[in-house]
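Student: coordinates only, sequence not included:
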């Protein structure tokens, strides 16, 4: 999450392991190592754009025309939008309703897909009139 780093989390996990040894939860013959998984690209940093920011308000105005409810949230994954945000490009994730992402049982709601398609279409059409503060 914003304000956290992979290094801080590694240190926190190492402390948990140390305490588990000290309390006898882990036997001294058990070896536990905390390491970051090797990966071909650097770890992406988290980002957050406040709902009050101009780009979020611009998009929210379009969404309100097509949706009864609006919910803001923070994604808990690392995706392409993290890379864009690291470059200073305001990035909003907006997708259809579904469940079980990245599994064989993944699905999405057809009506929400149609609605999101309309939202993207309207956002693109109105980008020319967007004036960031």
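Tutor: Sure thing, it's come through. All values reported here derive from a predicted model rather than from experimental measurement. Numbering: from 1, shown residues only.

Student: Now the element after the lowest-mean-pLDDT helix or strand in the chain, going C-ward?
Tutor: Scoring the helices and strands of the chain by mean pLDDT, DSSP states H and E places helix 80-86 at the bottom, with a mean of 82. Sequence order places strand 98-99 as the next helix or strand after helix 80-86, per DSSP states H and E.

Student: next helix or strand past that following strand?
Tutor: Next in sequence after strand 98-99, counting helices and strands by DSSP H and E, comes strand 107-108.

Student: Name the residues that touch that following strand?
Tutor: 96, 97, 98, 99, 100 (Cβ atoms under 8 Å, 6 or more residues apart in numbering). C-betas here are computed from N, CA, C, even on glycine.

Student: quick one: which of those residues has the most company?
Tutor: Within the contacts of strand 107-108, neighbour counts (other Cβ atoms under 10 Å) peak at residue 96, which reaches 15 neighbours.

Student: Name all residues that make contact with that one.
Tutor: Listed by Cβ under 8 Å, 6+ apart, the contact set of residue 96 reads 108, 109, 112, 113, 115, 116.
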